[in-house]
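1. Got a sequence here, can you build the structure:
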Amino acid sequence: MENKVNYKLLSISGQGGSVFGISLIELMKQRNDLMVLSSDMSTPAGLDKFKAAFPEHFMNMGIAEQNMIGTAAGLAEEGYKPICVAQACFITMRSFEQVRQYCGYMQIPIVIIGIGSGVSLQYMGNTHYAIEDLALMRTVPGMEVIAPCDAYEALKAFEYAVNSKHPVYIRLFGGTAIPAVFNEDIDFACGKAIKLKEGKDVQIIATGSMVGNAMKVAEALATEGIDASVLDMHTIKPLDADAIEQDKKLIVTIEEHNIIGGLGSAVADELSQQATHPKLIKLGIHDRFVPVGSYKYVQQQCGLDIESVKNEIINNLK
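-> Just a heads-up that it's a prediction; the model follows:
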């Protein structure tokens, strides 16, 4: 499939469109055990094309995420590979007990996909922002947690997840015309980070929607004489601890998530086991609910825009 990838089309399609409108339809040509369950999210998730082509493999569960996870567990026990799709805030928070029991305790390998993660739902506000989902899913025993950085990496993560023997949570952010980080094939492996740029002074570790910003931050730092490496830590659990560079003056994590429990915490957990390590600064949402507004405005208010991140790094190097 890699030889036929149209990276521009993927970017225009967005993460949901790439996963459900392209990859899922291709996978259905190879296997007949996939069952997609949606909590009234077929259109926002980009599932309409799949639903029309394979109506017997699609179930709209309505706004009932807890019931959806329970139904998926039953389908898995009958030999299906269930894929559950809902807004990230609801499929992780409202359904947490069901995910814990079925995916964690009973080890049922459901693919859970949260769309509209972080603050990407903009004017829908804090009731719909998903800024705790990584923290919650990390605590479920056996759960693999992936936050792809662009549409192509989302496609690769999904293809991995449907073949995994473990439950997998994939965190997708919203919108179409997503900037492409990758314009060529990547060797995607769960738990193996991808180094995007070498640098001797600072290591920037980013995940999901912040990876593209991290590359721009590195470019901005270069104009200030600061050489930053950039790491795409697409898998939050299991974390690629070997990819953390201990020879840097500073390590910076960037995530569109609460700084408690997400990428920054996962990196801090690993560093805390070392006798010595560089200073770590965690950039994200600082344990608060954020002002509601456009995506750009909310990013600025959280200090996640390029200029704010650049200045934070410079100040911490002084």
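2. How is the chain divided into domains?
-> For the chain, automatic domain parsing gives the domain ranges 2-171, 194-317.
3. ranges for the helices of the protein?
-> Along the chain, counting by DSSP state H, helices occupy 7-16, 24-28, 42-45, 48-53, 65-77, 88-89, 96-98, 133-138, 151-161, 210-222, 263-271, 295-301, 306-317.
4. what bits of the protein have low per-residue confidence?
-> 1-3, 176-177 (pLDDT under 70).
5. Geometric centre of it: which residue is closest?
-> Nearest to the mean C-alpha position of the chain, by C-alpha atoms, centre = their mean, lies Ala147 at 1.7 Å.
6. OK, contacts around it?
-> With contact taken as C-beta atoms under 8 Å, 6 or more residues apart in numbering, Ala147 is in contact with 117, 134, 170-171, 207-208, 234-236, 255, 263. (C-beta placed from N, C-alpha, C; glycine too.)
7. and if you look at Ser18?
-> Per C-beta under 8 Å, 6+ apart, neighbours of Ser18: 10, 46, 151-152, 154-155.
8. returning to what we had before: out of the contacts of Ala147, which is nearest to Ser42?
-> Distances from Ser42 to the contacts of Ala147, taken as C-beta to C-beta, are shortest for Ile170 (17.0 Å).
9. What count of nearby residues applies to the closest one?
-> By other C-beta atoms under 10 Å, the residues close to Ile170 number 27.
10. my guess is it contacts Val162, does it?
-> No: between Ile170 and Val162 there is no contact under C-beta atoms under 8 Å: 10.4 Å.
11. circling back to that earlier point, so which of the domains of the chain gets nearest Ala180?
-> domain 2-171 (4.5 Å).
12. And that closest one, how far out from the chain middle?
-> Distance of domain 2-171 from its chain centroid, counting by C-alpha atoms, centre = their mean, to the nearest Å, is 11 Å.
13. what's the closest non-adjacent residue to Glu270?
-> Spatial nearest neighbour of Glu270, excluding adjacent residues (C-beta to C-beta, 6 or more residues apart in numbering): Ala241 at 4.5 Å.
14. what about that neighbour, distance to Gly14?
-> 31 Å (C-beta to C-beta, to the nearest Å).
15. swap in Gly21?
-> 9 Å.
16. before we move on, the earlier item: ok, now how distant is the residue nearest to the centre of the chain from Glu97?
-> Distance from Ala147 to Glu97, by C-beta to C-beta: 23 Å.
17. Next, show the common contact partners of Ile170 and Val162.
-> Counting by C-beta under 8 Å, 6+ apart, the residues touching both Ile170 and Val162 are Val111.
18. thinking again about what came up before, the helices of the chain into a markdown table, with extra columns for distance to Glu184 and mean neighbour count?
-> As requested, the helices of the chain are exported to a markdown table (distance: least, C-beta to C-beta, whole Å; neighbours: other C-beta atoms under 10 Å):
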| stretch | distance to Glu184 | mean neighbour count |
| --- | --- | --- |
| helix 7-16 | 8 | 21 |
| helix 24-28 | 19 | 17 |
| helix 42-45 | 27 | 19 |
| helix 48-53 | 26 | 16 |
| helix 65-77 | 35 | 20 |
| helix 88-89 | 28 | 26 |
| helix 96-98 | 38 | 16 |
| helix 133-138 | 28 | 25 |
| helix 151-161 | 9 | 25 |
| helix 210-222 | 15 | 21 |
| helix 263-271 | 25 | 20 |
| helix 295-301 | 27 | 17 |
| helix 306-317 | 24 | 16 |
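19. closest one to Gly191 among those?
-> Taking the helices of the chain one by one with C-beta to C-beta, helix 151-161 is closest: 10.2 Å.
20. quick one: Met93 and Leu134 touch, right?
-> No: counting by C-beta under 8 Å, Met93 sits too far from Leu134 to count as a contact (11.9 Å).
21. just checking, what packs against the lengthiest strand in the chain?
-> Secondary structure of the chain per DSSP state E: the longest strand is strand 250-258. Strand 250-258 sits against helix 133-138, strand 202-206, helix 210-222, helix 263-271, strand 279-285, helix 306-317, with contacts defined as 3 or more C-beta pairs under 8 Å, 6 or more residues apart in numbering; DSSP states H and E.
22. Now distance to Tyr105 too, for those, in JSON lines please.
-> Shown next, in JSON lines, are the helices and strands packed on strand 250-258 (distance: least, C-beta to C-beta, whole Å):
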{"stretch": "helix 133-138", "distance to Tyr105": "15"}
{"stretch": "strand 202-206", "distance to Tyr105": "31"}
{"stretch": "helix 210-222", "distance to Tyr105": "32"}
{"stretch": "helix 263-271", "distance to Tyr105": "22"}
{"stretch": "strand 279-285", "distance to Tyr105": "30"}
{"stretch": "helix 306-317", "distance to Tyr105": "39"}
